[in-house]
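Chemist: Fold the stuff below for me.
(one chain, ligands or ions: 2)
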Amino acid sequence: MQTGWVGSGLRVFGWPNLNEQHGWTSLVVTPDSIPSRTRPGCWRRPGCRAVNAAGFEMVTSMTPEEAEKQGYMPFGDGGADNSTNPRPRVYTHGPCASPVAARFVVPCHDWRATEQGDAIRRKLVETALEVLRVEGFVVLENLMAPEDVAPLEAEAKWYLENVQDGFIPQPLRANRSQLHLPYAMPWASDWLICHDLVLELVASYVHNDLAGGRTQDEQQGSLVQWLISGAKLDWFRKPEWGPKGGELLDEPPTGCTDVGTANDIGPWLGRVLVTKTPPGSEPQRHHRDINFPGPSAQLTVQVALTPLSANNGPLGYVPGSHCMATPGYEVVANPPLGSLVLYDSFTEHHGIENHSPQDRLAMYYEFETRGVFGGYTDIHFGEKAAMHTLAFRSAVDPDLRRWVACVGGST
Ligand SMILES: O=C(O)CCC(=O)C(=O)O
Ligand SMILES: [Fe+2]
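Modeler: Ligands and ions are numbered 1, 2, ... in the order given. Take a look at the predicted model:
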């Protein structure tokens with residue numbers, strides 16, 4: 001645990017408790033209150049620590065079979081939420097839909113009926129960006145044609161049941177698993193991974209470049225400054241919080257993403273995965289997918305492949321938690337097929353229980369700035385997965401970077 005003096009003379013003990021309400025003047029934490037990450041949590045043995053050159057704790061990379069042999073559990077304990085006091089939930093859709101949840105949903109059906117540059121599209125971009133910035137996630141309802149998305153579920157099912165050589169399914173919290181998708185049809189379709197609305201939102205939203213060239217301690221120090229300053233997203237646009245030149249920026253260490261180059265800022269495509277939540281899966285613990293370098297550094301896109309219902313394993317999000325709000329309830333996003341959910345990976349969320357008799361499958365892809373610690377090694381998803389990651393990036397990044405150049409600095 002780090003201790004230190006920062007800013008206006010406040011004593012800050014480690015990383016403030018991200019899960020509890022706190023005032024700006026009393027940031028006292030214990031190691032237990034540091035939220036654990038999802039992705040780097042695979043195969044963790046208590047007491048066994050290895051850190052990379054930026055000071056981030058690495059996890060063990062191995063196959064699920066090896067892990068079982070050695071008695072490792074995903075996330076140390078499986079990652080299910082055993083709390084007896086769950087947060088109240090509101091639902092965006094279905095029979096339990098609540099009017100309270102309407103503000104997280106942007107109806108995007110009209111996107112398909114209009115052209116680039118149309119005023120309707122401009123309005124949709126503005127509205128979705130505002131929801132994302134204020135709430136830390138946004139539901140893009142009916143953005144894609146359900147008939148285009150529907151066939152993907154069977155494709156994903158086949159792919160999960162016929163794991164290809166060089167790919168390894170890896171566990172997530174509470175019985176879920178994840179497999180890297182191949183750069184092949186239908187996953188490589190433009191309408192799926194290069195959607196103009198998604199890319200413009202990513203380019204406009206993702207602007208936290210703190211991770212570039214900084215150690216974990218440096219990122220933590222900066223993030224405390226951010227908290228003290230009032231936790232506003234635009235703080236990260238200040239030039240002093242841009243990437244820091246040096247070896248860590250030139251060659252991000254293992255576990256930190258090497259997207260982009262040392263001379264560029266803003267987002268790039270990370271990985272493209274499919275996630276399975278089997279029937280009977282328990283709710284996950286609330287978590288952030290990344291802790292450092294805070295919000296607007298990584299944005300995840302969820303494309304549900306199985307139609308979501310209230311209890312077949314959709315995700316619950318804590319609105320405003322990317323900027324440290326703790327509203328005391330969560331929003332379960334269960335929109336119709338063809339909808340997307342975009343969430344800041346720093347927003348608190350969790351997969352909720354799957355009480356249906358079927359697997360719930362979803363595609364995820366994320367966008368991130370250089371240096372963000374995700375904890376993955378290149379071989380985590382199998383020795384061939386990295387090659388497919390690169391192929392996805394070469395397809396998506398040129399379009400994305402055009403958007404970055406176009407909207408650069410927008411708020
Ligand atoms: O259940 C899922 O689809 C993903 C849940 C999740 O948030 C995670 O494992 O990080
Ligand atoms: Fe997650």
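
Chemist: Pull out the buried residues from the lengthiest helix in the chain.
Modeler: For the chain, the longest helix by residue count, based on DSSP state H, is helix 385-407. With burial defined by 16 or more other C-beta atoms under 10 Å, the residues of helix 385-407 counted as buried are 385-386, 388-389, 392-393, 395-397, 399-401, 403-404, 407. The way it works is simple: take the backbone N, C-alpha and C, and place the C-beta from them, glycine included.

Chemist: Okay, residue 250 and ligand 2: tell me how far apart.
Modeler: 30 Å (C-beta to the ion, to the nearest Å).

Chemist: what's near enough to touch residue 176?
Modeler: By C-beta atoms under 8 Å, 6 or more residues apart in numbering, the residues touching residue 176 are 275, 276, 277, 278, 281, 284, 351.

Chemist: Buried only: go through these for me.
Modeler: Looks like these have 275, 276, 277, 281, 284, 351 buried, using 16+ other C-beta under 10 Å.

Chemist: what's near enough to touch the residue positioned nearest the centre of the chain?
Modeler: Nearest residue to the geometric centre of the chain (C-alpha atoms, centre = their mean): residue 345, 3.2 Å. Residue 345 sits next to 288, 289, 290, 297, 298, 299, 300, 366, 368 when contact means C-beta under 8 Å, 6+ apart.

Chemist: Run through the bridge partners of the last one.
Modeler: Pointing back at residue 368 there. residue 268, residue 298 (DSSP bridges).

Chemist: What is the neighbour count of it?
Modeler: By other C-beta atoms under 10 Å, the residues close to residue 368 number 26.

Chemist: for the one 5 residues further on, same thing?
Modeler: If you count neighbours by other C-beta under 10 Å, residue 373 ends up with 28.

Chemist: what does residue 282 give?
Modeler: Residue 282: 17 neighbours (other C-beta under 10 Å).

Chemist: Against residue 170, how distant is it?
Modeler: Per C-beta to C-beta, to the nearest Å, residue 282 is found 19 Å from residue 170.

Chemist: cool, and residue 396?
Modeler: 22 Å.

Chemist: contacting residues around whichever residue of the chain sits closest to ligand 1?
Modeler: The chain approaches ligand 1 most closely through residue 351 (2.9 Å), counting by C-beta to the nearest ligand atom. Residue 351 makes contact with 172, 173, 174, 176, 277, 281, 283, 284, 313, 314, 315 under the criterion C-beta under 8 Å, 6+ apart.

Chemist: I'd assumed residue 173 was in contact with the fifth one.
Modeler: No: using C-beta atoms under 8 Å, residue 277 is not in contact with residue 173, being 10.4 Å away.

Chemist: and the stretch 101-250 of the chain, which residues reach ligand 1?
Modeler: Within reach of ligand 1 by C-beta under 6 Å from any ligand atom, the stretch 101-250 of the chain has these residues: 172, 173, 176.

Chemist: again, only using 5 Å
Modeler: Listed as neighbours of ligand 1 in the stretch 101-250 of the chain under the rule C-beta under 5 Å from any ligand atom: 172, 176.
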